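Visitor: no FASTA, just this:
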């Protein structure tokens, strides 16, 4: 961790003189603690509401049923169709973002002139800032009709089109973090390779990329996590039909899209339909948390200088 | 912040007339072109997206569209209520997130000693930044809408969005605080100022542009957030302007989503027009942030 900037002054200023100074310090601590309260709040409400859900439905039905139909008369609560929809769209997104993002990162850090790099990187980041409802519209009204001309049997709502568009959305995250990792490779390693007579490409593929691999992996894991948590693109263009399939041409529903679907209706609080969104939210939160922690851990290893 | 490229990046090969080396250089050139293509393809798609939205929207973008309430007839519908809702949401979100976010950043950068509580807060903030926005919606629904009985009000929406952007505001403010060098603080202490006086009169004014940049970028993100507002139950058909903190509301992305969900082509044109307005606002905020950052870079006076 970074040592405090005021470290040298700690002795003189450790005990604040005025009461107001101490008050200010306490207020600021409260602001910092709010972040912990937020996390605690998220965990508490998810646990509380999904506990109610599992009391009524049971973990068995949640994990071992292959249908998800809480909104119908014949209710089934198997989470797998939603998980399948989520993973299908996510895999498509990562399949787009991983190669493109990595190649873009290589270009930015190994080939681009400093000036070009300074312009291209912020422009690329605009892609991450476009509201997802806009991407949803683009997927539904532009990409799907276009794909229908090429892919036979592609339904109006499908996993393919939102998956591809989601790939464009997470691309800047993958590119930006991979680029940081690639750039963190010490120049001495490159120079060593050149001194041994290697030209640029072997240096990139045999020296630079292997050294940056944990940072690159971290960026891809974070891309996964973003795609799993992404809501509006899939809610708009994937179809809101839970289906246990890996066929990208038919309508599916993701975990996030299900939460939107229930929220749009007037579901009374306390009913089992209402509780389902928290059980699904819990599953979603756990998945993204594990991926985020993994990615954070891998990036921290780089920051700590695990490379040299 | 990249250091200048190493002089050894493109080694000269004295015997490049050999076929072997020429072909290696060709492969390198081809690979470079592929990398550039990978970078330009998404940017091209962004351009296509913009053009597509503007073309779809062209029939609907007018003063009437901006100044009308929603309607069952697509050609009479407008985004007045959505614009007012989004405006009010942004002001309230900023009012909640700025003091708390800057306060937390000041605590972590200026007051906190290196103990376990501090590192817990730091790790926690970076984790919160990765929580999907719809989970914040569930939190807002349970805490603000139900437990604190705010109902599906502007205040509940703004509080939810404020929690969502808080990690961004805190991280940007910390970055900005770190740019003020120790010598400036020491000068202030030497003149007899205590820590809070130094922060308020010296440090904060100096890093204000940096903090503002971070806040504007956070708001540029909040303005397009749809999922958490749907989850807390923002209305989709609003024919009035919000008149109090407790008033029901809709927002521009919600209105766009509502129009996309309808089958009639007329509403899709409305959605596209709404998208053009939303993108314009988002790009405007980003532009302001870039302008502020450039101003900031010019005005370094130490």
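Guide: Now that the structure is in, tell me what you want to look at. Owing to the predicted nature of the structure, the values given are computational and were not obtained by experimental measurement.
Visitor: Can you list the residue ranges for helices in the stretch 201-302 of chain B?
Guide: Here the stretch 201-302 of chain B has its helices, by DSSP state H, counting those that start in this stretch, at B:204-222, B:227-232, B:252-260, B:265-298.
Visitor: where in chain A is pLDDT low?
Guide: Across chain A, the ranges flagged by pLDDT under 70 are A:1-17, A:301-308.
Visitor: Mind pulling the model confidence for the residue in the stretch 151-300 of chain B that chain A sits nearest to?
Guide: Using Cβ to the nearest Cβ, residue B:224 is the residue of the stretch 151-300 of chain B that sits closest to chain A, at 2.5 Å. For the C-beta atoms, the positions are set from N, CA and C on the backbone; glycine is no exception. At residue B:224, the model reports a pLDDT of 90.
Visitor: tell me, how many neighbours does residue 181 end up with?
Guide: Here I'm looking at chain A. By other Cβ atoms under 10 Å in any protein chain shown, the residues close to residue A:181 number 25.
Visitor: hmm, I had chain B in mind actually
Guide: Number of residues near residue B:181 (other Cβ under 10 Å) recorded here: 12.
Visitor: do residue B:187 as well
Guide: 14.
Visitor: hmm, back to that, show the contacting residues for the residue nearest to the residue of the stretch 151-300 of chain B closest to chain A when sequence neighbours are not counted.
Guide: In space, and not counting its chain neighbours, residue B:224 is closest to residue A:131: 2.5 Å by Cβ to Cβ, 6 or more residues apart in numbering or on different chains. By Cβ atoms under 8 Å, 6 or more residues apart in numbering or on different chains, the residues touching residue A:131 are A:232, B:223, B:224, B:225, B:226, B:253, B:278, B:279, B:282.
Visitor: For those residues, pick the one with the most neighbours.
Guide: Of all the contacts of residue A:131, the highest neighbour tally under other Cβ under 10 Å goes to residue A:232, namely 30 neighbours.
Visitor: Show the contacting residues for the closest residue to that one other than its chain neighbours.
Guide: Among residues not flanking residue A:232 along the chain, residue A:132 sits closest, at 4.1 Å (Cβ to Cβ, 6+ apart). Residues near residue A:132 by Cβ under 8 Å, 6+ apart: A:169, A:230, A:231, A:232, A:233, B:224, B:226, B:227.
Visitor: and residue 24, what is it in contact with?
Guide: Let's take chain A. Counting by Cβ under 8 Å, 6+ apart, residue A:24 has contacts residue B:196.
Visitor: ah, I was thinking of chain B
Guide: Residue B:24 touches A:199, A:201, counting by Cβ under 8 Å, 6+ apart.
Visitor: what helix or strand is it on?
Guide: helix B:19-57 (DSSP states H and E).
Visitor: what's the helix or strand that comes right after that helix packed up against?
Guide: Note on helix B:19-57: by DSSP H and E, the next helix or strand toward the C-terminus is helix B:63-66. Secondary-structure packing of helix B:63-66 (3 or more Cβ pairs under 8 Å, 6 or more residues apart in numbering or on different chains; DSSP states H and E): helix B:265-298.
Visitor: hmm, the helix it packs on touching chain A?
Guide: Yes. Judged by Cβ under 8 Å from any Cβ of the partner chain, helix B:265-298 and chain A are in contact via B:268, B:271, B:272, B:275, B:278, B:279, B:282, B:283, B:286, B:290.
Visitor: which phi and psi does the closest residue to chain A within the stretch 1-150 of chain B have?
Guide: Here the stretch 1-150 of chain B gets closest to chain A at one residue, residue B:132, 2.7 Å apart by Cβ to the nearest Cβ. Main-chain dihedrals, residue B:132, degrees, to the nearest 10: phi -60, psi 140.
Visitor: likewise residue B:153?
Guide: Geometry field for residue B:153 lists phi and psi as phi -100, psi 170, criterion degrees, to the nearest 10.
Visitor: wait, what's in contact with it?
Guide: Residue B:153 neighbours (Cβ under 8 Å, 6+ apart): B:245, B:246, B:247, B:248, B:249.
Visitor: By neighbour count, which of those residues wins?
Guide: With neighbours defined as other Cβ under 10 Å, the most crowded of these is residue B:249; it has 26 neighbours.
Visitor: Could you list the low-pLDDT ranges of the stretch 51-200 of chain B?
Guide: Answering for the stretch 51-200 of chain B: no residues sit below the bar, that is pLDDT under 70.
Visitor: wait, doesn't residue A:226 sit right on residue A:173?
Guide: Yes. If you go by Cβ atoms under 8 Å, residue A:226 and residue A:173 touch, sitting 6.0 Å apart.
Visitor: So those two - more neighbours on which side?
Guide: A direct count of neighbours by other Cβ under 10 Å for residue A:226 and residue A:173 places residue A:226 higher, at 24 against 21.
Visitor: Indicate the residue of the stretch 151-300 of chain A located nearest to chain B.
Guide: residue A:229 (2.7 Å).
Visitor: so how far is the one helix or strand residue A:166 maps to from its chain's centroid?
Guide: Counting by DSSP H and E, the element that carries residue A:166 is helix A:160-183. In terms of Cα atoms, centre = their mean, to the nearest Å, the centre of helix A:160-183 is found 10 Å from the chain centre.
Visitor: Tell me the helices and strands packed up against that helix.
Guide: Where contact means 3+ Cβ pairs under 8 Å, 6+ apart, helix A:160-183 is packed against helix A:80-106, helix A:114-129, helix A:132-138, helix A:144-148, helix A:213-229, helix A:232-237, helix A:272-303, helix B:19-57.
Visitor: how about 7 Å then?
Guide: Counting by 3 or more Cβ pairs under 7 Å, 6 or more residues apart in numbering or on different chains; DSSP states H and E, the packing neighbours recorded for helix A:160-183 are helix A:80-106, helix A:114-129, helix A:132-138, helix A:144-148, helix A:213-229, helix A:232-237, helix B:19-57.
Visitor: Dump the ones you listed to CSV, plus distance to residue B:217.
Guide: What follows is the helices and strands packed on helix A:160-183, written out as CSV (distance: least, Cβ to Cβ, whole Å):
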stretch, distance to residue B:217
helix A:80-106, 21
helix A:114-129, 8
helix A:132-138, 17
helix A:144-148, 31
helix A:213-229, 17
helix A:232-237, 20
helix B:19-57, 18
